[in-house]
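[1] predicted model and sequence below, questions to follow.
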Amino acid sequence: MGILCLTNKRILFEHEAGLITKRTYVSLDIALQDVLTVTIEGRFRQKLVVLAKGRAGRIELEVQDPYGWADKIQKIMSETI
């Protein structure tokens with residue numbers, strides 16, 4: 001679980017990891033124009049799945065309300081095209 005940040009230009013996902021010393025890592029930082037699709041996968045533990053161009057490829061993110069995030073991302077993507 002982490003923090004998902006969405007602007008009209010980028011998607012950024014940060015999470016904390018580490019047993020003794022917690023550090024913040026950026027798992028995803030891509031331009032919105034590089035996002036190909038956004039879907040939801042999983043039966044019990046649903047994840048937001050972002051398919052992007054280039055190195056990013058397929059990214060699975062555990063976020064609260066994945067359907068809400070998917071709707072927001074798709075709405076912004078449709079507005080910027």
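    Sure thing, it's come through.

[2] all helices for this protein, in order.
    66-80 (DSSP state H).

[3] any regions of it where pLDDT drops low?
    81 (pLDDT under 70).

[4] tell me where it has strands.
    Applying DSSP state E to the chain gives strands spanning 3-6, 10-17, 23-31, 35-41, 47-52, 58-61.

[5] can I get those in TSV including mean neighbour count and distance to Thr80?
    The C-beta positions use only the backbone N, C-alpha and C, and glycine is treated the same way. Compiled in TSV, those are given as follows (neighbours: other Cβ atoms under 10 Å; distance: least, Cβ to Cβ, whole Å):
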stretch	mean neighbour count	distance to Thr80
strand 3-6	15	12
strand 10-17	16	11
strand 23-31	13	10
strand 35-41	14	10
strand 47-52	19	15
strand 58-61	14	20
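
[6] need those strands in TSV (columns: distance to Ala70).
    Formatted as TSV, the strands of the chain follow (distance: least, Cβ to Cβ, whole Å):
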stretch	distance to Ala70
strand 3-6	11
strand 10-17	12
strand 23-31	14
strand 35-41	5
strand 47-52	6
strand 58-61	10
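
[7] quick one, phi/psi of the residue of the chain most remote from its centre?
    For the chain, the residue at maximal distance from the C-alpha centroid (Cα atoms, centre = their mean) is Ile20, at 26.5 Å. Main-chain torsions, Ile20, degrees, to the nearest 10: phi -90, psi -50.

[8] how close does it sit to Glu14?
    Per Cβ to Cβ, to the nearest Å, Ile20 is found 20 Å from Glu14.

[9] same question, Val35
    For Val35 relative to Glu14 (Cβ to Cβ), the value is 18 Å.

[10] burial measure for Ile73, as a count.
    Ile73 sits with 19 neighbouring residues when counted by other Cβ atoms under 10 Å.
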